[in-house]
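> Below is the sequence, then the predicted model.
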Amino acid sequence: MALDKATVARIATLARIKVPESDLEHLAKELSGILTWIEQLREVDTAGVEPMASVAEMTLPMREDHVTDGNCRDKILSNAPQQAHGFFLVPKVVE
Amino acid sequence: MTALTDLTIAEARDGLRKKEFSAGELAEAHVAAVERARPLKAYITETPDRARDMAAGADARLARGEGRALEGIPLAIKDLFCTEGVETTAASRILGGFKPPYESTVTANLWSAGAVMLGKTNLDEFAMGSSTTTSAYGPSENPWRRRGDNRPLVPGGSSGGSSAAVAARAAMGATGTDTGGSIRQPAGFSGIVGLKPTYGRCSRWGIVAFASSLDQAGPMTRTVRDAAIMLGAMAGHDPKDSTSAPLPVPDYEAALTGELRGLKVGIPREYRVDGMAAEIEQLWQQGIAWLRDAGATPVEISLPMTKYALPAYYIIAPAEASSNLARYDGVRYGLRVPGESLDEMYEATRAAGFGAEVRRRILIGTYVLSAGYYDAYYLKAQQLRTLIARDFSNAFKSCDFILAPTAPSAAFAIGEKADDPVAMYLNDVFTVPVNLAGLPGISVPAGLSSDGLPLGLQVIGRAFDEAMVLRAGDVIERAARFTHKPAFIAGGKE
C-alpha cells in the first residue's frame, strides 16, 4: 500500500503530532515501505480464525468495591508543566 | 582475590553472608564502576547516594542475620520502570524531568528483597528499537569490540543500557523489559544472560507501557543462576495488574539440576532463515549436541507461521503503542511546548517530544487502527497471532522446550541499518514469535563469532515453565563454558 502525502498528513493530525510539510514526502515513502512489507500477511487464509487480543487466559478478577488510593492531589500535580489552585492549567478551550 | 565487581550475584550473596565483605564495600566498588562506565552511556541517571543508603540498610540487616534473597546486591534498573522520586525518562524527551510519585511493582519487589539501586539504564526511546540508538540521550555502546576493529558496536536493544552495564561489570544484574526481544537480543549481543518470563509472570504496574499485550519485565545477569535468583524476587501476582497471574512463584534455583534425562528438545525447522550466518547455524547444532549430552532427545518441530510473526508484530505493537502513547499530551507531566489552542499545544509538544522511530510507530499504529483499515491490518494481525500461538501449542505436544538462536547475527556497528527500518526489525525474527505467544524465553551466551563477538542461544518454554527454560539454559551455560570478557571492563581489580 503506497501512502501519499495527504494521507500521512491526515494520520499525523489524528495522532496529534505536528509534521512539517518538508517531512511528509520522506515519511510517506518510509511508511509505505513498512506497510508493503506488512502486507505479506494477506497470503495467509485466516477465514474463521478467532483474533487474539491477549494471551492471558483468564477472566478479569473481581475485587471488593472500596477505595484503595486517593487524597494525593499534590503528588499528582507535582510533575505538571503548569498548575494553579490545585488544577492542571491548559490553554483556553472555551470561548 | 576476584574483584567485587566480577562476582556473580550468587557469589556475592554468599560472600555477604560470610562477612567476607560488606554491602557498603560492594556498593562502593560498583558506584566507581558506574562512573568508569560513563563512556558507554549505559546509564541515563546514576543514583550513588541511594546506593550507599540502601547498602547501609543491607549491612544492618545482614549484621542481624536477617538478609533477604538479594540483600546488598547492586542492580541497575532500565529507565522504563517508574522509581519513586528518581527521574524516569523512557529515554524520551517527552518525559524529561518526570519524577514518578510511585514505585513500579517489580522494582518495589527487588527493594523488598534487599537489592541496592545503582541507577537507571539507557534504552531505545519507549523501548522501541533493537540497538539503543533511538534514545534521546544518545546511543549506548557495547563493551565488546570486533577483533582488530575499534568501531563502536550497538549493545542491542531496547534494554541495551542494561546489557552493556552488566557485561562491563558496572552492575551485577539489571532489569529489562521485552516486547519483541528487548531482553534476549541485547543479552545475546552483549554476552550475558537475559530471561523474558511468561506474559503475566511479572507485574507490569509502574512500567512505562509500550505494547501492553506483549510487554514483560525480566532479569539480565551474567549467569543463569543469577537470572533464577533475580526472577524469583521480581515475579509474583500483583492485584494492581489485572493481567498478572495469580500463581505461586517456584524456587527457580532449585530447577538448575544440570541434567535433562527423558526430556525432548524441539528444533524448529522454520528458524533456518535466509541470510543467517553459517556460524550461527553451527552454534545451534553445537547447542543441540550439548543438550543431547545432558540427556535430552532432539525432535524436529514445525512452526509454520514463523515468517508472519514479524509483520503481525509490526501491526500489533505500533497499534497498542499509538494508544498507550496518547497520554503524552503536555498536560500532566513531562514536556510542554506552548500553543495557541489545546490542539496546537498537543501537536507541538508531541512533535518536539517524540523521536523519529517513535513517531514512525505512532503513525503506523494510528493508520492500522483508523476507520476503513482496522479489519485489513489490525484484525488480520490478531488472527495471525492466534495461528502463531497455536503453532507453539502444537509443537509443545511433542517437546518439552525449544532451542533456537537468539538473533540472526552478532552485534552490528552504531549507525549500521539506521536508514532501513525493516532491516532493523529483522533482528527480532527469532524473538518476536515468543512474545506474540506470551511464552518464556532465555538467551544464554554460547560462543563467539569469527570476529570475536558473543552469540546467544535461546531456550523457549511452555507458559509459566520458566523453571524448564532456566534448567535447559543452565545446561547450555555449563557446556559452553563462556568465560570470554568484553574489551571494556568498568569494574575494578583487586
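Yep, that arrived. This is a predicted model, so every value here is computed, not measured.

> Would you mind giving the secondary structure of B:V331?
coil (DSSP: H, G, I helix; E, B strand; the rest coil).

> Not counting its neighbours along the chain, what's nearest it?
Spatial nearest neighbour of B:V331, chain neighbours left out: A:F88 (5.3 Å); criterion: C-beta to C-beta, 6 or more residues apart in numbering or on different chains. The way it works is simple: take the backbone N, C-alpha and C, and place the C-beta from them, glycine included.

> Show me where the stretch 51-200 of chain B has its strands.
For the stretch 51-200 of chain B, the strands defined by DSSP state E, counting those that start in this stretch cover B:74-78, B:116-121, B:173-177, B:193-196.

> hang on, the earlier thing: the residue nearest to B:V331 - how many residues pack around it?
Number of residues near A:F88 (other C-beta atoms under 10 Å in any protein chain shown) recorded here: 14.

> hmm, back to that, out of the strands of the stretch 51-200 of chain B, which one sits most buried?
Of all those, strand B:193-196 carries the top mean neighbour count, a mean of 34, counting by mean count of other C-beta atoms under 10 Å in any protein chain shown.

> now for it, which elements pack on it?
Judged by 3 or more C-beta pairs under 8 Å, 6 or more residues apart in numbering or on different chains; DSSP states H and E, the packing partners of strand B:193-196 are helix B:184-190, strand B:217-221, helix B:224-234, strand B:441-448, helix B:466-480.

> Single out the most deeply packed of those.
helix B:184-190 (a mean of 35).

> and that one, how far out from the chain's middle?
What separates the centre of helix B:184-190 from the centre of its chain is 8 Å, taken as C-alpha atoms, centre = their mean, to the nearest Å.

> What residues does the spatially closest residue to B:E84 that is not a sequence neighbour make contact with?
Excluding its sequence neighbours, the residue lying closest to B:E84 (C-beta to C-beta, 6+ apart) is B:E103, at 4.4 Å. B:E103 makes contacts with B:C82, B:T83, B:E84, B:W111, B:G206, as judged by C-beta atoms under 8 Å, 6 or more residues apart in numbering or on different chains.

> and the last one, how many neighbours?
In this case it means B:G206. With other C-beta under 10 Å as criterion, B:G206 counts 23.

> tell me the contacts of B:P100?
So B:P100 contacts B:C82, B:T83, B:E84, B:G85, B:V86, B:T88, B:G206 (C-beta under 8 Å, 6+ apart).

> shouldn't the second one be in contact with B:Y102?
Think B:T83. No. In this structure B:T83 lies outside contact range of B:Y102 using C-beta atoms under 8 Å: 9.2 Å.

> of these two, who's got more company?
Per other C-beta under 10 Å, whichever of B:T83 and B:Y102 has more neighbours is B:T83, with 24 against 15.

> To what extent is the residue lying closest to B:F21 once chain neighbours are set aside buried, counted in neighbours?
Using C-beta to C-beta, 6+ apart and skipping the chain neighbours, the partner closest in space to B:F21 is B:G15 (5.7 Å). B:G15 is flanked by 18 other residues according to other C-beta under 10 Å.

> With the one 10 residues further on instead?
When neighbours are defined as other C-beta under 10 Å, B:E25 has 16 of them.

> which residues does the residue lying closest to it once chain neighbours are set aside contact?
Once flanking residues are discounted, B:E25 sits nearest to B:L4: 6.5 Å by C-beta to C-beta, 6+ apart. Applying C-beta under 8 Å, 6+ apart to B:L4 gives the contacts B:A12, B:F21, B:E25, B:L26, B:A29, B:H30, B:G491, B:G492, B:E494.

> where does the chain dip in pLDDT?
In the absence of a named chain, this looks at chain A. The model of chain A has pLDDT under 70 over residues A:1, A:58.

> Not quite, go with chain B.
B:1, B:493-494.

> rerun at 80
B:1, B:274-275, B:417-421, B:423-424, B:492-494 (pLDDT under 80).

> on that earlier part again, out of the contacts of B:P100, who's the most crowded?
Neighbour-wise, the contacts of B:P100 (other C-beta under 10 Å) top out at B:T88, 26 neighbours.

> wait, isn't that residue in contact with B:C82?
Yes. Here B:T88 reaches B:C82: they are 5.1 Å apart, a contact under C-beta under 8 Å.

> overlap in contacts of these two?
Shared contacts of B:T88 and B:C82, counting by C-beta under 8 Å, 6+ apart, come down to B:P100, B:V208.

> Grab the nearest non-local neighbour of the most centrally placed residue in chain A.
Note on chain A: the residue nearest the mean C-alpha position is A:A15, at 6.9 Å, using C-alpha atoms, centre = their mean. In space, and not counting its chain neighbours, A:A15 is closest to B:T366: 4.4 Å by C-beta to C-beta, 6+ apart.

> Alpha carbons of the helix or strand the one you found falls within, in CSV - could you do that?
Using DSSP states H and E, B:T366 sits within helix B:356-369. Extracted in CSV, the C-alpha atoms of helix B:356-369 (Å, rounded to 0.1, in the frame of the first residue of the first chain):
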residue,chain,number,x,y,z
ALA,B,356,11.8,9.6,14.6
GLU,B,357,11.3,5.9,15.4
VAL,B,358,8.5,6.6,18.0
ARG,B,359,6.8,9.0,15.6
ARG,B,360,7.0,6.4,12.8
ARG,B,361,5.4,3.7,15.0
ILE,B,362,2.7,6.0,16.3
LEU,B,363,1.8,6.9,12.7
ILE,B,364,1.7,3.3,11.6
GLY,B,365,-0.4,2.4,14.7
THR,B,366,-2.8,5.2,14.1
TYR,B,367,-3.1,4.2,10.4
VAL,B,368,-3.8,0.5,11.0
LEU,B,369,-6.4,1.4,13.6
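
> what's in contact with whichever helix or strand comes after it?
Using DSSP H and E, the helix or strand that follows helix B:356-369 towards the C-terminus is helix B:374. Here helix B:374 makes contact (C-beta under 8 Å, 6+ apart) with B:V368.

> show me where chain A has strands.
In chain A, the strands defined using DSSP state E lie at A:83-84, A:87-88.

> could those strands be laid out in a markdown table, adding distance to B:E320?
Formatted as a markdown table, the strands of chain A follow (distance: least, C-beta to C-beta, whole Å):
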| stretch | distance to B:E320 |
| --- | --- |
| strand A:83-84 | 30 |
| strand A:87-88 | 26 |
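
> quick one: which of these is nearest B:L387?
Comparing the strands of chain A against B:L387 with C-beta to C-beta, the closest turns out to be strand A:87-88 (44.6 Å).

> which residues touch the closest residue to B:G456 other than its chain neighbours?
Spatial nearest neighbour of B:G456, excluding adjacent residues (C-beta to C-beta, 6+ apart): B:G188 at 3.0 Å. Shown in contact with B:G188 (C-beta under 8 Å, 6+ apart): B:G156, B:G194, B:T406, B:A407, B:S443, B:P445, B:P454, B:L455, B:G456, B:Q458.

> Over to B:A321?
Contacts of B:A321 (C-beta under 8 Å, 6+ apart): B:F126, B:M128, B:F210, B:A211, B:V358, B:R361, B:I362, B:G365.
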